[in-house]
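In: Coordinates for the following, if possible.
(chains A and B)
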Amino acid sequence: MTAGRAGRLAVAVVALLALAAPFLLADQPYFLHVLILTMTFAIPAIGLNLLLGYTGLVSLGHMGFAGVGAYTTALLMMDHGWSAVPAMAAGAAAAGALGVLIGIPCLRLRSHFFIIVTLAVGMILFALFNNLDGITGGAEGLPGVPRPGPLDLGFMVIDFRRLGGFYWFALVVTLFALLVQYLIVRSDFGRSLAAIRQDEILAAARGVNVFAHKLAIFGISTALAGLGGALKVMFLRVAAPLSFELLESINLVLLTIVGGAGYLAGPIIGALVYVAIPEILRFADAWRLVLFGVILVAMTLFAPRGLSGMIEAGWRRLRRGPAVTGEEAADGRPA
Amino acid sequence: MAQALLEQIINGTMMGSIYMLVALGMVLIYGVMHVLNFAHGVLFMVGGYVCHFFFTQVLDSYLLAILGSMAVLSIIGLALERGVFRRLRDNLRMQVIASLGLILVIQNGVIAIWGPNALQMRITTTDIRVPIGELSFTLQHFLIIGTVGVTVTAIWLFLTRTRIGTALRATSQNAEAAQVVGIDANRMYVASFLIGCALAALGGALLGPLFLIFPTMGDLPLLKGLAAIIIGGMGSIPGAIIGGLGIGIVEAVSTLYIPTDFRDTVVFAALIAVLLLRPQGLFGVRVRGEA
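Out: Below you'll find the predicted structure:
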């Protein structure tokens, strides 16, 4: 996506706008709220994108891992007085460690079986969040998750308990997740993942340790999900099981596809559409999710590369360049 | 204790029969088309709603309402096979994602039409009690067990004794070889989807009067049906039948020993254990490149 000068310029403009949003939207707290909510979905979606878009593995339990990160962070902050950043790091590490533990036996399974195992793991995690009343507070969850303390920059003090301040905090966390995604995708490790997606047997024959690569990316992916979950409960100030149920995991897969799996910007675009579309389609209240679903099914049929792919194709047509790129499209070409 | 155990075994057999219908439909579709249809649970739910519609608005006969619901769902299945799944053949990831999208469409479509609240369907078989010793069950319990028993037997005879059934099994075993001997793959896809959706409708129509009809009524049968076909062995029809029944009984009996909240956890833990220890399932045959 960022190839070319125009692309870089576009990224810079978007980044500046994102950074300045609390000033631009100072009297529009609702929009800031929507943007922060978008970021809480975008971060787990980035984790899922690494899995789904770049490695070709489907996980239907990712919000369960987000929940592990969320509850770990919430408990460390509330019961043990940890400050926000180390607690979030610990939450992400816990989710990633669980991902590795589950990945060791389960990543040996292929295709449908791995999908179903992730679904089962997500269901079990949700049952634990919902029913271990002594630890997770059961169905009511853990209310009163604190937000980070104020940060003194010398020339200004950022109060993260206010919406504008928390927006910057969320933005930094999101940029961190995007950076992780970028570094992985552009590394040799990332290229090996793409090789696994395109042809696992061929990749193995070329000397890629398929299992180790899958395990590593599953761990990173679940850790990112945990990071997103931690940000979400900090924003909502409550860790509740309904944020981490099966339907949320399914929606995460769907929004990643809509945004464009295998594109760096895909998770951001997908999360934005997912959070914003109910607002845009207010006029058709009862039918808006139906419409969203119809769009999604149509996309699997006609635009499997998602919105990112469509934007890219449109841009290329404008420039009269070659029409095909992107991760999924690359699969058709000889390696 | 013996009383409680008997009660749970009968409850479990009833729920297991429902899971059997879901699992049988999914395994037929999976075997023939290699599509894992996550939308099967919402089709089950639509079966309940359509049955309710026919019963209250049109026919006033439970039997005819069930048959009507199965017919409508067959048509929906036909449309989904033609419109969505056939086009995504050989693209496993997109098929799964399309079926997830269909959940969104169908579940919210039902909410938009019928509203989010549960519907009640009053039929005589839920009011009549059948006493067994000190226990008593609704007649509907036994109606479900009996109907499913007959249906599963009929499907089994269809698959083993008729030309189309044999062709379906052949396609399921080896699609290419089946084509070589002149079996039209597209017809088999249609047949498997038709039967699968009709079975889902039957399940929803049978369970609806007992436990109300609501938009998420198909979610758990879907998950248990999935677990049944994994535990029974992906693609194995006897596996799906025994797996479905077994899950129903095990989860019902497990409530005697562990809190009800963890009933589903037991099933999914068993699912993961089977996958790890015997990935081809209890009755499956290991296929190269599959597990």
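In: which bits of chain A sit near chain B?
Out: By Cβ under 8 Å from any Cβ of the partner chain, the part of chain A that sits against chain B consists of A:52, A:56, A:58, A:105-106, A:109-113, A:115-117, A:119-121, A:123-124, A:127-128, A:130-131, A:246, A:250, A:253-254, A:257, A:286-287, A:289-290, A:292-294, A:296-297, A:300-301, A:304. (Glycine included, C-beta is placed from N, CA and C.)
In: Mind checking which of these are buried?
Out: Of the members of those, the ones counted as buried by neighbours, 16 or more other Cβ atoms under 10 Å in any protein chain shown, are A:52, A:56, A:58, A:106, A:109, A:111-113, A:115-117, A:119-121, A:123-124, A:127-128, A:130-131, A:246, A:250, A:253-254, A:257, A:287, A:289-290, A:292-294, A:296-297, A:300, A:304.
In: and the helix or strand containing B:P131, average pLDDT?
Out: Secondary structure here is read from DSSP states H and E; on that basis B:P131 sits in strand B:129-132. Per-residue confidence for strand B:129-132 averages out to 82 on the pLDDT scale.
In: Show me what it is packed up against.
Out: With contacts taken as 3 or more Cβ pairs under 8 Å, 6 or more residues apart in numbering or on different chains; DSSP states H and E, strand B:129-132 sits against strand B:135-138, helix B:139-161.
In: Assign a three-state SS to the one residue in chain A that gets nearest to chain B, would you?
Out: Proximity to chain B, evaluated over chain A using Cβ to the nearest Cβ, is greatest for A:G293 at 3.3 Å. Three-state call for A:G293 (DSSP: H, G, I helix; E, B strand; the rest coil): helix.
In: so it touches B:L102, yeah?
Out: Yes - between A:G293 and B:L102 a contact is recorded at 7.0 Å, counting by Cβ atoms under 8 Å.
In: Could you pull up the contacting residues of residue 93?
Out: No chain in the question, so chain A it is. Going by Cβ atoms under 8 Å, 6 or more residues apart in numbering or on different chains, A:A93 touches A:223, A:226.
In: that's the wrong chain, I meant chain B
Out: B:R93 makes contacts with A:52, A:56, A:58, as judged by Cβ under 8 Å, 6+ apart.
In: Which strand or helix spans it?
Out: Secondary structure here is read from DSSP H and E; on that basis B:R93 sits in helix B:92-114.
In: shaky segments in chain B?
Out: B:284-291 (pLDDT under 70).
In: Helix or strand: which one has A:G7?
Out: Remark: A:G7 resides in helix A:5-24, with elements defined by DSSP H and E.
In: that older thread, just the residues of chain A next to chain B: which are in helices?
Out: Among the residues of chain A next to chain B, the members falling in helices (DSSP state H) are A:105-106, A:111-113, A:115-117, A:119-121, A:123-124, A:127-128, A:130-131, A:246, A:250, A:253-254, A:257, A:289-290, A:292-294, A:296-297, A:300-301.
In: For whichever strand or helix holds A:M39, name the packing helices and strands.
Out: Under the criterion DSSP H and E, the helix or strand holding A:M39 is helix A:29-49. Where contact means 3+ Cβ pairs under 8 Å, 6+ apart, helix A:29-49 is packed against helix A:5-24, helix A:62-80, helix A:163-185, helix A:210-236, helix A:246-259, helix A:266-280.
In: can you redo these as TSV with mean pLDDT?
Out: As requested, these are exported to TSV (pLDDT from 0 to 100):
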stretch	mean pLDDT
helix A:5-24	79
helix A:62-80	93
helix A:163-185	90
helix A:210-236	93
helix A:246-259	89
helix A:266-280	83
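In: now those in JSON lines, with distance to A:F155?
Out: Compiled in JSON lines, these are given as follows (distance: least, Cβ to Cβ, whole Å):
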{"stretch": "helix A:5-24", "distance to A:F155": "15"}
{"stretch": "helix A:62-80", "distance to A:F155": "28"}
{"stretch": "helix A:163-185", "distance to A:F155": "15"}
{"stretch": "helix A:210-236", "distance to A:F155": "25"}
{"stretch": "helix A:246-259", "distance to A:F155": "37"}
{"stretch": "helix A:266-280", "distance to A:F155": "30"}
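In: so which of those gets nearest B:A205?
Out: Put simply, out of the helices and strands packed on helix A:29-49 the one that sits nearest B:A205 is helix A:246-259, at 24.7 Å, with distance taken as Cβ to Cβ.
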